[in-house]
Structure formats: structure tokens, C-alpha cells
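**Student:** what would the 3D arrangement of this be:
(one chain, ligands or ions: 1)
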Amino acid sequence: SGYWRLSKLAVPACDDPGKDFIGISLPLLQAIAKAIKFPVASMLPQEAFTVIRKSFDARKVLKEPQFIYTVDMDVKKLLDTEPRAWDFIARLEPKLGAVEYMAEEKLADDLISMLNINSKGSDDVLGIRDTQNGSTCTQQQKPRVAVIGSGPSGLFASLVLAELGAEVTLLERGQPVEQRGRDIGALAVRRILQSESNFCFGEGGAGTWSDGKLVTRIGRNTDGVQAVMKTFVHFGAPPNILVDGKPHLGTDKLVPLLRNFRHHLRELGVTIRFNARVDDLIVEDGLVKGVLVSDSELRPGSVSQKLSFDAVVLAIGHSARDTYCMLWRHNVDISPKSFAVGLRIEHPQELINNIQYSELAAEVQKGRGRIPVADYKIVKSVGETDSENELDIPEQSRSCYSFCMCPGGQVVLTSTNPSELCINGMSFSRRASKWANSALVVTVSSHDFKPFQSHGPLAGVEFQREFERRAAMMGGGNFVVPAQCVTDFISNRLSVTTLPPSSYRLGVRPSKLHELFPSYITEALQQSIIMIDREMPGFVSSKALLHGVETRTSSPLQILRHGETYESTSLRGLYPIGEGAGYAGGILSAAVDGMYCGFALAKQLSLFQGDV
Ligand code: FAD
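**Tutor:** The predicted model follows:
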């Protein structure tokens, strides 16, 4: 009994049923047979194999593009049907990275089996209310917890806490997805920016109208990430996100998922209040006792409401600058944090397909959907600038990288205030638009924020704001985005010919983007764009358009907290989580942070004794 994990199984793209197929095809059985040296592939029973990962590889060094699989082989199931396979299994030797033996229990990772997601009924998603490892709340008086923010971190913290028996109130300054969709529509069509309901604020947080890429640097196979992914599937995400090497959802899949999440939380007894902005914390003797909430539409005559809680989870994302200021006023421990700023480059998707796929590009263009539209991921390190201004030379070298690349997507406005302009990218699940966009960003750190040091730990926020204001001025207002041909940007000249078309709906204006940032950022971007073109010839093209400005790549600060308890180091009863607190950098990592905070807080509230 037990499993063998077979990885690096290559199936030529032309033989594979396509990117969305996650079953066991005959060409895959042939690759498996080759790996275990079994002579007749068709005799291997499909049910003995499960696809664990499927990725697409079109690197030019390969003879032909291929799908690369990782597959688990269930020895018992295999031998039940095909006993002759035993001779071949007995000869298998574990080789690192290709063939690995896994005892049965190894496959059941601790957290998921504890959360028991698959075997529970639909009303007990994480399955933790009657887990053997934990204990449910038996107290008469349930502890009251406020969760501020309904992004991934706030949603998962609410879910865990509610399942473990806390009385959870989820306070969200923005609108539910239905109204938020209308507000975003009004922004795209009528240029009306709702300050509390936009691409950053509202149900689901910043990730809702996004590309919905579910990639993370915290380890795809970790228990926390797997638990989050399975929860997404439970709420309606397609199951292939569990297998796909580069899973993504797209806005059209995220919106119904969030609606299901909301219904489930309400069934668990969570009070969800939209249009409810937390303006202040009620603090007594260094302990948070509650919050001050106001109707975020600020209707005349509306008054703030005082709400009391035993604990407050702060899941505010990285754009709640007013809330950051409020925390600073309370002397909450905050420290500036490195992040990255830059521009968003957009190419015709066809051009990126041609660069990345050569002969397969034609198939993508025909829209057959068998292979994914091409993307790219680039990291470059660029050297010291020769500027004599000491403020311009904060570091020996900087890293410049592509960020949030959206194949088949569009450039969108992520401003939360009309006098500041910043952008990002989003897509729908089919990634069928004719554009490919990606941020190209350069790391900046506290040294760079020096001109803004009067803003204390919020210096990084002011640094962002400075370039967002400049971008708004360059665009000339009305959310028009300053833009420049990449060829002109690297030559430091204004684009005089007509700009290539852009997916950005509110218009672009030819601008000197090379003058927007200090020279150390501009030069780092220019140098890396030239280096990228060497790797991806055609990247520098008259069809490639740079858009300004990309500033909110991650939080410019960290709200300090204790490692085990997640509690603020300076204010008891406050639990800062997710991207806004500086502990996550995307949908998955934010959700995982929220989930673990939920467990840690439940433990402190004596709702739970288990270990996760
Ligand atoms: P958020 O999702 O930002 O949620 C914070 C919530 O708190 C918001 O809903 C906000 O309204 C609310 N809030 C703030 N202050 C208050 C207050 N005072 N009172 C009440 N409520 C408050 N990540 C990926 O992994 N993949 C992607 O493809 C991707 N694409 C993106 C595309 C766009 C356009 C954007 C903007 C972001 C994208 N991201 C993507 C980043 C991702 O959305 C974030 O990393 C993630 O949402 C962070 O989760 P969070 O819970 O920490 O905060």
C-alpha cells in the first residue's frame, strides 16, 4: 500500500486534451508507463492515478511545448487491477524530484485532515466545529469579535472564528459585490469614483475585481494554502485550481464565490455590515474595547456608533490610509516596509504569444483554449545609477520585476481618491481580451522615504501618494492615465506619434513618464526593460504602452504583532492581519494569514485547544 508520487511527466501539447482537463488521458498513461518502465500503458488502470499538478511548459529550449504532470499512483488500486505491475513497482527507486515514495499518512496533511473539508456537510465548510483536535465553545456568553475588512484575510478569520464559536461581526466600509459591481461599472462608464466602493474597497477586498491569480510564494503545497484553495472550491471555484500549475479564477468566478461565502458566514451567525467604516478604536488602559463605526456614505446627520468587542481583528488591506493614520494616532507599533513602484506595460496578447510560443501562438490566436494564453515573469537586478544626487543613490543595486501579470486582461483604475491616480490589472476567467499587461516595478525601501520622514512610520504611504498625485496631474484629470510608448520611455522622449491602443477604459494621454519618478527608479526601469528585450526579443516594441502609475504593490508598512498570538505588540486586543498589516502579498497569503489568526485568537479566547 502507499503511494508513489511521479513528477516531471511530460505530455506533448499536441497530444494533450488541453489545459482544463485534469483527468488521466492515454498520453499521460504513456508517460506514467515510461516512468515506471511498464510495457503496456493501456493496461494501467486510470483509477489508480490522480493528477496533483499540471503546468504548461513552452520554453524555447524544448523540442516542442508540453504539459508537465505530477501524478500520485495508489499502489493498492494499481495492484488490485493489474497485479503484474508489482514487478515494476518493486524495482522503482526514489529519485529526488521525479519518483518519490509517500506512505499513506504522508498524503494527509495535518491541517486539512483536521479541517476535514471534504467529508463535512455543506454547512460546516472548514469542518472544525466538532474536530477531535479542537473543542467547541460551550460557554454561555460567546466572546464578541469584530473583524474589520472583508478581503481574503478578514473573510477567513471570520470563518474560523465563527466555526469555533465566537460571535463575529464583520465590518466592511464598502458595498456587497452586487452594488460594488454597479459602482465599478459607473466608474468605467461615467467616471464616477465612489470613495468607499471601488477596485480596493468592498466585499472581497482588493482581489475581487482582479485577475484572481492564485499563486503564492508561501508554498503551494502547504497545509494552509491547500485548506484555503479547498474552501474556494467548496464555495464554487472550479476544482482544477487545485491542480493547475498557475491557477487563476478571474473576476466572473470570484463574484459568485464571494456571494456563497457571505451566505455561509451569515448561516454561521456572523453579522455582516457593509457600508460600515471603522473610524476609531475605543481603547482603555492599553486594551482595545471596541470600535467607532460610521456609515461610510457619510449621509448628513449620520452619527458614529460605538460597538464593544472582546477582540478586534484588523484586516484593512493596503489602501485604507485614513485607518493607518488612526492607528498612528493611537501609537500602535508600525514600521515602514519595503515595497515596489513602477509602471504597467501593455502589449497586444498576440505579440506576447508570438514571443513566448512561436509556432503554438497560431493555435492560441484561433482561440481553441487548449493551451493557456502566454504570460511572463521577469526579475532583473540593476546596478548603481551614476546620479550625483545622494538621494538618488540609496542602494547599490535594485531589483526590478514584473508584477501581477495579467494575460488576456485589462488595465484598471485602483485609486481611492480622485486626486490620486494608480492602476493595476484584472481579467475574466477566459482571459480572452486582446491585451497582456503587467506591472514593471522597482523595489524601494525606507531610505527612499526620507523626504517624507515627517510622516513617521507612514512615510512610505506619502511616498506612494506623491507619485499618484504626479500621475493624476500628468494625466490631466478625469482619471485619464499618463502613458508613453516603451520605445520613447527608454529614449527619454515624449511620444509624439499616436499612442498604440490601450485596454484602459478612461483614456490615456501622451506623457513624459520618464520624468515621473526620481532617476534611480526611471533608470532601473529603463535598464531592465532593455535586459528583458534581450530575453524576450520584441518586448520593446512600438506596440507596447507604459501606463502610470503602479504604487500599491504591497503594504508600505508593517503593523507589528507577536508571532504566536497575532496580537499587536503595542495594543492588546488588536490583531493586525493580511496585506495591509504587512503580512501577506496576495489573495492566498492574505487568506492563510487570516485563517491562522482565527485559530490563534480562538485559542486565546478559550474556544479552541488544538494546534495548527
Ligand atoms: P483587502 O483585500 O485589501 O481587503 C481589505 C478590506 O478592508 C477592503 O474590502 C476594505 O474595504 C476594508 N476596509 C479597509 N479599511 C476599513 C475600515 N476602516 N473599516 C471597514 N472596512 C475597511 N492578488 C493575487 O493574489 N492575485 C491577483 O491576481 C491579484 N490581482 C489584483 C488585482 C487588483 C486590481 C488589485 C487591486 C489587487 C490584486 N491582488 C491580487 C492583490 C490582492 O487583492 C490582495 O493581496 C488581497 O486582496 C489582500 O487581502 P486582504 O484581506 O489583506 O486585504
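**Student:** what about stretch 308-323, distance to the chain center?
**Tutor:** Its chain's C-alpha centre and that of stretch 308-323 lie 19 Å apart, by CA atoms, centre = their mean, to the nearest Å.
**Student:** now do the same end-to-end measure for that stretch.
**Tutor:** 18 Å (CA to CA, to the nearest Å).
**Student:** same question for stretch 316-325.
**Tutor:** Taking CA to CA, stretch 316-325 runs 12 Å from one end to the other.
**Student:** run the contact check for that stretch versus the ligand.
**Tutor:** Yes - remark: stretch 316-325 sits within contact range of the ligand at 316-317, 320, 323, by CB under 6 Å from any ligand atom. C-beta: built from backbone N, CA, C; applies to glycine.
**Student:** from the residues you listed, which is closest to Tyr401?
**Tutor:** Using CB to CB, the shortest approach to Tyr401 within the residues of stretch 316-325 next to the ligand belongs to Gly317, at 21.7 Å.
**Student:** show me where the stretch 401-550 of the chain has helices.
**Tutor:** In the stretch 401-550 of the chain, the segments counted as helices under DSSP state H, counting those that start in this stretch are 459-475, 486-490, 519-535.
**Student:** name the helices or strands packed onto the shortest one?
**Tutor:** Spelled out, that is helix 486-490. helix 519-535, strand 545-550 (3 or more CB pairs under 8 Å, 6 or more residues apart in numbering; DSSP states H and E).
**Student:** returning to what we had before: the ligand is nearest to which of the helices of the stretch 401-550 of the chain?
**Tutor:** Nearest to the ligand among the helices of the stretch 401-550 of the chain is helix 459-475 (13.4 Å), distances taken as CB to the nearest ligand atom.
**Student:** the closest one to helix 519-535, inter-axis angle?
**Tutor:** Per axes from the mean of the first three to the mean of the last three CA atoms, to 10 degrees, the angle that helix 459-475 makes with helix 519-535 is 70 degrees.
**Student:** so where's this structure shaky on pLDDT?
**Tutor:** 1, 96-97, 102-140, 296-302, 361, 364-368, 384-396 (pLDDT under 70).
**Student:** was I right about Ala85 contacting Asp74?
**Tutor:** No - using CB atoms under 8 Å, Ala85 is not in contact with Asp74; the gap is 11.4 Å.
**Student:** farthest residue from the center of the protein?
**Tutor:** Seen from the C-alpha centroid of the chain, the residue lying at the greatest distance (CA atoms, centre = their mean) is Arg84, 46.1 Å away.
**Student:** end-to-end on stretch 50-70?
**Tutor:** The first and final residues of stretch 50-70 sit 9 Å from each other (CA to CA).
**Student:** for stretch 411-423, same thing?
**Tutor:** With CA to CA as the measure, the first residue of stretch 411-423 is 7 Å from its last.
**Student:** can you give me how far that stretch is from the chain middle?
**Tutor:** Relative to its chain's centre, stretch 411-423 lies at 19 Å (CA atoms, centre = their mean).
**Student:** so Ile24, which state does it fall into?
**Tutor:** coil (DSSP: H, G, I helix; E, B strand; the rest coil).
**Student:** could you do Lys8 as well?
**Tutor:** Secondary structure for Lys8, judged by three-state DSSP, is strand.
**Student:** can you get me a residue count around it?
**Tutor:** 13 (other CB atoms under 10 Å).
**Student:** how about the contacts made by the residue lying closest to it once chain neighbours are set aside?
**Tutor:** Among residues not flanking Lys8 along the chain, Ala98 sits closest, at 5.2 Å (CB to CB, 6 or more residues apart in numbering). Listed by CB atoms under 8 Å, 6 or more residues apart in numbering, the contact set of Ala98 reads 6-8, 35.
**Student:** buried only: go through those for me.
**Tutor:** 6-7, 35 (16 or more other CB atoms under 10 Å).
**Student:** double-check Leu516 against Met473; I have them as touching.
**Tutor:** No - if you go by CB under 8 Å, Leu516 and Met473 don't touch, sitting 9.7 Å apart.
**Student:** ok, those two, which is more surrounded?
**Tutor:** Neighbour count, other CB under 10 Å: between Leu516 and Met473, Leu516 has more, with 21 against 14.
**Student:** how close does that one sit to the ligand?
**Tutor:** Distance from Leu516 to the ligand, counting by CB to the nearest ligand atom, to the nearest Å: 20 Å.
**Student:** where does the stretch 151-300 of the chain come near the ligand, residue by residue?
**Tutor:** 151-154, 171-174, 199-202, 205-207, 210-213, 277-278.
**Student:** how about the residues of the stretch 451-600 of the chain by the ligand?
**Tutor:** Within the stretch 451-600 of the chain, the positions near the ligand by CB under 6 Å from any ligand atom are 578-580, 584, 586-588, 590.
**Student:** rerun at 8 Å
**Tutor:** Residues of the stretch 451-600 of the chain that fall close to the ligand, judged by CB under 8 Å from any ligand atom: 552, 554, 577-581, 584-591, 593-594.
**Student:** what of the stretch 301-450 of the chain?
**Tutor:** In this structure, the stretch 301-450 of the chain approaches the ligand at residues 315-320, 322-323, 326, 404, 406, 412, 414, 424-427, judged by CB under 8 Å from any ligand atom.
**Student:** and the stretch 1-150 of the chain, by the same measure?
**Tutor:** When proximity is defined as CB under 8 Å from any ligand atom, the stretch 1-150 of the chain approaches the ligand at 148-150.
**Student:** so which of the residues you listed is the closest to the ligand?
**Tutor:** For those, the residue nearest the ligand by CB to the nearest ligand atom is Gly149; the value is 2.6 Å.
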